[in-house]
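Chemist: Structure, please.
(one chain, ligands or ions: 1)
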Amino acid sequence: MTNGISRSLELLCPTCAGSAFEFDDNIDEIVRTYQCLGCGGSFSHDQIMLANASRIEAEVEAIGEELVGDAVKRLKKAFSGNKFIKIK
Ligand SMILES: [Zn+2]
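Modeler: Predicted coordinates for the structure are as follows:
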């Protein structure tokens, strides 16, 4: 059951919503500076995360709902036709 969980989320620039950044891989991500290739603005890791927080939350919620929805569907399917078990 890996469907839906392994999707990756692109981080977007707080200014231009571009998704291409230049950063130094040798610097720890918490302290490194991300330079947007779209608008040239530079942002800290915190700023990027803050700007994307609502998108990340929405994505996590969507994944959760998908999983719950699938589980309920599977349950109903498994028990459909069985007269002795009723799902409330
Ligand atoms: Zn930008």
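Chemist: and the helix or strand bottoming out on mean pLDDT in the chain, which residues are buried?
Modeler: Lowest on mean pLDDT, DSSP states H and E among the helices and strands of the chain sits helix 45-79, with a mean of 86. Buried residues in helix 45-79, counting neighbours by 16 or more other C-beta atoms under 10 Å, are found at 45, 47-48, 51-52. In short, each C-beta sits where N, CA and C put it, glycine included.
Chemist: measure the closest residue to Asp24 other than its chain neighbours to the ion for me?
Modeler: The spatial neighbour of Asp24 that comes closest, neighbours along the chain excluded (C-beta to C-beta, 6 or more residues apart in numbering), is Arg32 at 5.6 Å. The spacing between Arg32 and the ion, counted by C-beta to the ion, to the nearest Å, is 16 Å.
Chemist: on that earlier part again, from the buried residues of helix 45-79, pick the one nearest Phe79.
Modeler: Set against Phe79, the nearest of the buried residues of helix 45-79 by C-beta to C-beta is Asn52 (40.4 Å).
Chemist: dump the residue contacts of the residue nearest to the closest one when sequence neighbours are not counted.
Modeler: What sits nearest to Asn52 in space, not counting adjacent residues and going by C-beta to C-beta, 6+ apart, is Leu11, at 5.1 Å. Residues near Leu11 by C-beta atoms under 8 Å, 6 or more residues apart in numbering: 19, 21, 48-49, 52.
Chemist: hmm, 7 Å instead?
Modeler: 19, 48, 52 (C-beta atoms under 7 Å, 6 or more residues apart in numbering).
Chemist: What is the nearest of the residues you listed to Leu37?
Modeler: Ser19 (9.1 Å).
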